[in-house]
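any chance you can model this:
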Amino acid sequence: PAAEVDRAICVFYAGEHEQAIADLEAFVARDATFAPAWANLGMFYESHGDAAKAKKVYRTAIDAAEKDDTYGVKDYAQQRLDALGK
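From the prediction side, this is the model:
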C-alpha cells in the first residue's frame, strides 16, 4: 500500500492533481485501513481549497491510525485539523 500512496504523491507533485486525488480515492475505496492514504488525500483536498473534505478525511486518517500509527499519521492529521479549525 505504501508504494501506491507514494505513487499518488509523485503524481500530485508532478502537477496532475486531479489524477492523484482520483488515485487515492480509488485506493481508500479498496482499503480504508491504510491511514497514510487518508492523510495524503486530506492534504490533496486541502491544497485544492476543499476544507470540508479535508477535515473529513483527516478525521478518518486518525481513526485508521488507531491500531497502527507507524507513519505518524495521527499527529499530522490532528495538526491539520487544528489549523483548519476542526
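
name the nearest residue to A51, sequence neighbours excluded.
L84 (5.3 Å; C-beta to C-beta, 6 or more residues apart in numbering). For the C-beta atoms, the positions are set from N, CA and C on the backbone; glycine is no exception.

the one you found reaches K55, doesn't it?
Yes - applying C-beta atoms under 8 Å as the test, L84 and K55 come out as touching, 5.6 Å apart.

neighbour-wise, which of those two wins?
K55 (19 against 14; other C-beta atoms under 10 Å).

so what's the residue nearest to S47 when sequence neighbours are not counted up against?
Leaving aside its sequence neighbours, S47 sits nearest to H17 (C-beta to C-beta, 6+ apart; 7.4 Å). H17 makes contacts with F44, S47, H48, as judged by C-beta atoms under 8 Å, 6 or more residues apart in numbering.

now list the buried members of those.
F44 (16 or more other C-beta atoms under 10 Å).

ok, of the contacts of H17, which one's closest to A8?
F44 (8.2 Å; C-beta to C-beta).

could I get the contacting residues of that closest one?
F12, H17, A20, I21, L24.

switch to 6 Å and redo it
F12, A20, I21 (C-beta atoms under 6 Å, 6 or more residues apart in numbering).

next step: these restricted to helices.
Members of these lying in helices (criterion: DSSP state H): F12, A20, I21.
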